[in-house]
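>>> sequence and predicted model, in that order:
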Protein chains: 2
Amino acid sequence: MAPLSRIVPAARRLRIANSTFQSSHNLRLATSRPAFITAQQTRLQHAQAEASTSASSADHSPQSQPKTSQKQIKYTSDSYPNIKRDSRFKELSAEDVKYFKELLGGESAVVDGINQDASDDLEGFNADWMRKYRGQARLVLKPESTEQVSKILKYCNDNSLAVNPQGGNTGLVGGSVPVFDEIVVNLSRMNKVRSFDDVSGIFVADAGVILETADNYLAERGYIFPLDLGAKGSCQIGGNVATNAGGLRLLRYGSMHGNILGLEAVLPDGTVVDDLSKLRKNNTGYDLKQLFIGGEGTIGVVTGISIICPQRSPAVNVAYLGLESYEKVQSAFRQAKKQLSEILSAFELMDAQSQRLYQKATGAKLPLEGESPFYCLIETSGSNADHDSEKLNAFLEQVMGDEIVSDGVVAQDETQIQSLWACREGISEASQHFGGVYKYDLSIPLPELYNLVVECREHFEKNGLMGETDDFPVLDVVGYGHMGDSNLHLNVAVRRYDKAVEKALEPWVYEWVAKQSGSISAEHGLGLAKKEFIGYSRSETMIKLMKQIKDLYDPKGIMNPYKYI
Amino acid sequence: MAPLSRIVPAARRLRIANSTFQSSHNLRLATSRPAFITAQQTRLQHAQAEASTSASSADHSPQSQPKTSQKQIKYTSDSYPNIKRDSRFKELSAEDVKYFKELLGGESAVVDGINQDASDDLEGFNADWMRKYRGQARLVLKPESTEQVSKILKYCNDNSLAVNPQGGNTGLVGGSVPVFDEIVVNLSRMNKVRSFDDVSGIFVADAGVILETADNYLAERGYIFPLDLGAKGSCQIGGNVATNAGGLRLLRYGSMHGNILGLEAVLPDGTVVDDLSKLRKNNTGYDLKQLFIGGEGTIGVVTGISIICPQRSPAVNVAYLGLESYEKVQSAFRQAKKQLSEILSAFELMDAQSQRLYQKATGAKLPLEGESPFYCLIETSGSNADHDSEKLNAFLEQVMGDEIVSDGVVAQDETQIQSLWACREGISEASQHFGGVYKYDLSIPLPELYNLVVECREHFEKNGLMGETDDFPVLDVVGYGHMGDSNLHLNVAVRRYDKAVEKALEPWVYEWVAKQSGSISAEHGLGLAKKEFIGYSRSETMIKLMKQIKDLYDPKGIMNPYKYI
């Protein structure tokens, strides 16, 4: 949790009565990169905190202090007793380990739990950082070249040895750690930038490069990696591609499917998919690399990426606004797109309940004095600070003049930017502060997005599960998220974990999302956590077609087994 | 060709001596939509002219007046005698036609050349608009629903009848017309907008909607289709997706792979791929729709698309600049990206030879008085005309102050915008004005992009094929294109078509491109024209993997046969 003092109450108050903002002058700020990077790092802490409390839909056991808890993590095979080890997979022998040691040429590239006890060394590769999943791998391999990855996979495929590809191991759905004794193929030693073209902005690098390292490299050259994540200090760009990570910049820069220009990947049989194009346009056949983007390591291992990077914006502004209804939130979003257009870089939604909970949990003073049913955080990023401020001012004057927005503040400096972001990013921890939280990360078409929160509240009230006294397990239902991407975080804050609440939530939430043609996983992927729920977001036909692809590329099923589809 | 009078010499002259532009005030223009649409329409005429002269690399026969020529188009099977009709495919019978007539329920949905002579009616479906390819289809089907497409394909698959999916038939590589007697499945009757969400900008429509119709629909709502093409008045959005069309807006809005959110497509066996998501984020399994983007109708028929559309920019500016070297062009591009950043919407390259040829062919006065070795056309599109002009001015002052750009003009009104665009878009026709032209549409990494033009000239000089008198077949080699996308158009202007020139060009050009890891087809696709050259842009492994996909989805090979890979 960020220290409460981070909420600096100096963010300037905007007048509501007429359409003039007190802060309509001198809105320029945060033009220096170091300040911006600091802001990103703050986000990182928040986002990691956010993720650390996220309960998979399959596992609602209380984990209120996951990062500090010293208790042993339960084996995934115990949490999911229905999943059995696939007997087609051979068990590792000393001879297999010998092959790998010779191939990788050094003890540092192999964590060997077959010939010796290496439990402590293996633990970091077996357990995810949320301490929710724990595998039983006894061998970790750290190749340093694509050729080595190819030879590892070919050997595993020939010998029916199951493989768990692993990047930074920051995933949220249990996809990055083994379930049983799969060999962990960890990409951390493949961490070189291969090339960067300063004119086109095309960046080519090994899959194991840390996202933040890549972004810092680009920052020095005036560019930005078109993806930003809370876990940027640990996650790897290959893992980002394999999980089709969304993150904070999607609204502005679009998805991996558009930005990734080329991939190098290794198929289970050792075939190297040499599609590491540095071209923005290349219409010569099926775009196979797209299958690996979001494929979660189930059909191959991504070993290199080529990505087009945009210019880094020197100017950043943040506003925090109060609104009277979800309809007005949609109007504000529409206006922001229209008026802020090319400089809009974030449009985040927070409901009153989320801000109340945040205030209650942290004691922080909220940026606005009165309470509104909804709040939005708007960020702009552009090449000219004066222009951006002028656009933001004009936007704010209009939405307040038209009574779309009822109140608002604009950050005047980097500290205030961080304070405003904290109101958004502190919700996750606040949600579990009073006992626990059930969390869902959903895509829902924008017009219906907030209805889920409203109906969820009604649902609990009808069931007598939510109320103001300790008799009721549910304290509140809060809704927030990346409005710009139609990505809702639904958090059910509870006084205690309760089977009745779980029963009321599932499959109710998934059915609701399915009815709106939404997605049960907006950006986290399927992994182990969502595997059994894919039917709520994909038709039988689509699942069948996906399984066809899996069988085509991985007929022996050795790649990241027990997960995905 | 646009009338010469379109070149209005009023575009204001910029001073070079110091870094101040005469036109640095009052740069605002073109804020009204109708004017913008007019500009687009002008482009359309140019671009169609451009395409109409393009010779495929496999067929260099002179076609200097293709649109006005009355001669019969040669059958593709005669132009490509090596391609034989696949005997696995059944020939159509009256009984087949009866089935389709009953299914589609009306004569208007079927052009029947089996039971009657329908040569005239069939001709428009058999011949491409460049008059380069001509098939021998005797049956055209025009389904009006996805269900009908499904039943057609299932019947064809069950009965081994070959199918040629067809959109607006505006392709440039012979992919949209049959080779032999494939049944043409034309999507023109599937032309309804299914939905549009004014808040998210997500547009869902049938595949047969004309691109311009879609864009006009969006324009009325303040949005823009994130793709613009010369052929927008005829091409269909389903065809755009199937060919992964690039066009004029890719630099700004990115590719189809990022913008398409969902697809509905029908597989050869009749399976409907129901992936018409309206979600910006959906990480639930392999992104199969990507295979249909650029799949050129070889694994299925796209019947519906869902696409995210950006805000339409009310302000448009165009500048035309002279530069002393390709290194300076790259510097100018780098600076444009930095300073114009979020408002840059086009950065086009034209060499001196291309402008000289344009001037010679049209008699038009060029915008700048002296000659520079290179010219760039820069377009900005943004939400605030004053801000955009200020940014453009600051950019121009810097690049001229730093002697990156030696001369330039900025358009003051819509007419001047068109005049400046004409200097870029008139090159294609000018290239063939003196006899003929050999054209290549290539992707080459930016640093090496222009070297091909230089080396091509040297190559011809060495071979004694290029010179100033009529003794030499080659008049000049010109280079131009979408610099922002690393997309070069290499035009070899000739006094007459000549086997020696062809022999000097191929495979020399393809080998050169292959050495630079470029692409032999930047945006036009493979179709029939490039099928045999794919090996220059893709490895054997990639081609093998692509064929695997083709076999998976279309085991009988009925979809758009004889083409692609």
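Structure received.

>>> okay, CA-based contacts and neighbour counts for the rest of this
Noted.

>>> residues touching A:Gly527, list them.
A:173-176, A:296, A:563-564 (CA atoms under 8 Å, 6 or more residues apart in numbering or on different chains).

>>> spell out which parts of the stretch 401-550 of chain A neighbour chain B.
Residues of the stretch 401-550 of chain A lying close to chain B (CA under 8 Å from any CA of the partner chain) are A:443-447, A:484-487, A:517-526, A:534, A:537-539, A:541-542, A:546.

>>> 6 Å - rerun?
By CA under 6 Å from any CA of the partner chain, the residues of the stretch 401-550 of chain A that approach chain B are A:485, A:519, A:521-523, A:525-526.

>>> any chance of those residues in JSON lines with secondary structure as columns?
Formatted as JSON lines, those follow (DSSP: H, G, I helix; E, B strand; the rest coil):
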{"residue": "A:Asp485", "secondary structure": "helix"}
{"residue": "A:Ser519", "secondary structure": "strand"}
{"residue": "A:Ser521", "secondary structure": "coil"}
{"residue": "A:Ala522", "secondary structure": "coil"}
{"residue": "A:Glu523", "secondary structure": "coil"}
{"residue": "A:Gly525", "secondary structure": "coil"}
{"residue": "A:Leu526", "secondary structure": "coil"}
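
>>> how many residues are close by A:Glu468?
Residues lying near A:Glu468 (other CA atoms under 10 Å in any protein chain shown) number 10.

>>> per-residue pLDDT, it?
pLDDT for A:Glu468: 94.

>>> relative to chain B, how far out is it?
From A:Glu468 across to chain B, the span is 35 Å (CA to the nearest CA, to the nearest Å).

>>> list phi and psi for that residue.
Taking degrees, to the nearest 10, you get phi -90, psi -10 for the backbone angles of A:Glu468.

>>> for it, which non-adjacent residue is spatially closest?
A:Leu475 (6.7 Å; CA to CA, 6 or more residues apart in numbering or on different chains).

>>> that neighbour belongs to a helix?
No - assessed with three-state DSSP, A:Leu475 is strand; it does not lie in a helix.

>>> these two touch, right, it and A:Arg496?
No - if you go by CA atoms under 6 Å, A:Leu475 and A:Arg496 don't touch, sitting 9.2 Å apart.

>>> follow-up on the earlier one: may I see the residues of the stretch 401-550 of chain A next to chain B organised as a markdown table, with distance to B:Gly233 and pLDDT added?
Shown next, in a markdown table, are these (distance: CA to CA, whole Å; pLDDT from 0 to 100):
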| residue | distance to B:Gly233 | pLDDT |
| --- | --- | --- |
| A:Asp485 | 31 | 93 |
| A:Ser519 | 35 | 97 |
| A:Ser521 | 39 | 94 |
| A:Ala522 | 36 | 94 |
| A:Glu523 | 37 | 92 |
| A:Gly525 | 40 | 94 |
| A:Leu526 | 42 | 95 |
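
>>> what residues does the stretch 251-400 of chain A put near chain B?
Taking CA under 6 Å from any CA as the contact definition, the stretch 251-400 of chain A meets chain B at A:255, A:257-258, A:280-284, A:286, A:291, A:295, A:334, A:342.

>>> how much space between the residue nearest to A:Glu468 and chain B?
On the measure of CA to the nearest CA, A:Leu475 and chain B end up 29 Å apart.

>>> show me the contacts for that residue.
For A:Leu475, the contacting residues are A:466, A:493-494, by CA atoms under 6 Å, 6 or more residues apart in numbering or on different chains.

>>> ok, those vs chain B, which is closest?
Of all those, chain B sits closest to A:Ala493, with 24.9 Å by CA to the nearest CA.

>>> check contacts around that closest one.
A:431-432, A:437, A:475-476.

>>> mind redoing it with 10 Å?
Listed by CA atoms under 10 Å, 6 or more residues apart in numbering or on different chains, the contact partners of A:Ala493 are A:354, A:357, A:428, A:430-439, A:466, A:473-478.

>>> just A:Met190 next, same as before
A:Met190 makes contact with A:142-146, A:205-209, A:238, A:303-304, according to CA under 10 Å, 6+ apart.

>>> where in the stretch 1-150 of chain A is pLDDT low?
Filtered on pLDDT under 70, the stretch 1-150 of chain A yields the residue ranges A:1-71.

>>> OK, now which residue of it is nearest to chain B?
For the stretch 1-150 of chain A, CA to the nearest CA, closest residue to chain B: A:Ser150, 14.0 Å.

>>> for that residue, helix, strand, or coil?
Going by three-state DSSP: A:Ser150 is helix.

>>> from A:Met400, how far out is it?
59 Å (CA to CA, to the nearest Å).

>>> could you do A:Gly201 as well?
Computed with CA to CA, the distance linking A:Gly201 and A:Met400 is 39 Å.

>>> neighbour count winner among the two?
Legend: neighbour count by other CA under 10 Å for A:Gly201 and A:Met400, higher for A:Met400 (25 against 21).

>>> now the element after the host helix or strand of that one, going C-ward?
Under the criterion of DSSP states H and E, A:Met400 resides in helix A:385-401. Downstream of helix A:385-401, the next assigned helix or strand under DSSP H and E is strand A:407-410.

>>> for that following strand, packing partners?
strand A:12-13, strand A:315-323, strand A:374-382, helix A:385-401, helix A:414-425 (3 or more CA pairs under 10 Å, 6 or more residues apart in numbering or on different chains; DSSP states H and E).

>>> so which of these is nearest A:Val513?
Closest approach to A:Val513 among the helices and strands packed on strand A:407-410 (CA to CA): strand A:374-382, 21.7 Å.

>>> in its sheet, what does that closest one sit against?
Strand pairing for strand A:374-382, using DSSP bridges, gives strand A:315-323 (antiparallel), strand A:344-351 (antiparallel).

>>> how long is stretch A:213-231 end to end?
OK, stretch A:213-231 end separation, CA to CA: 12 Å.

>>> list the buried residues in that stretch.
By neighbour count on 16 or more other CA atoms under 10 Å in any protein chain shown, the buried set for stretch A:213-231 is A:213-219, A:222-231.

>>> what residue spans form the domains of chain A?
A:1-67+A:314-526, A:193-308 (automatic domain parsing).

>>> all strands of the stretch 1-150 of chain A, in order?
A:12-13, A:110-112, A:139-141 (DSSP state E, counting those that start in this stretch).

>>> which of those sits most buried?
The highest mean neighbour count among these, using mean count of other CA atoms under 10 Å in any protein chain shown, belongs to strand A:139-141: a mean of 25.

>>> partner strands of it, parallel or antiparallel?
Here, using DSSP bridges, strand A:139-141 pairs with strand A:110-112 (antiparallel), strand A:183-186 (parallel).
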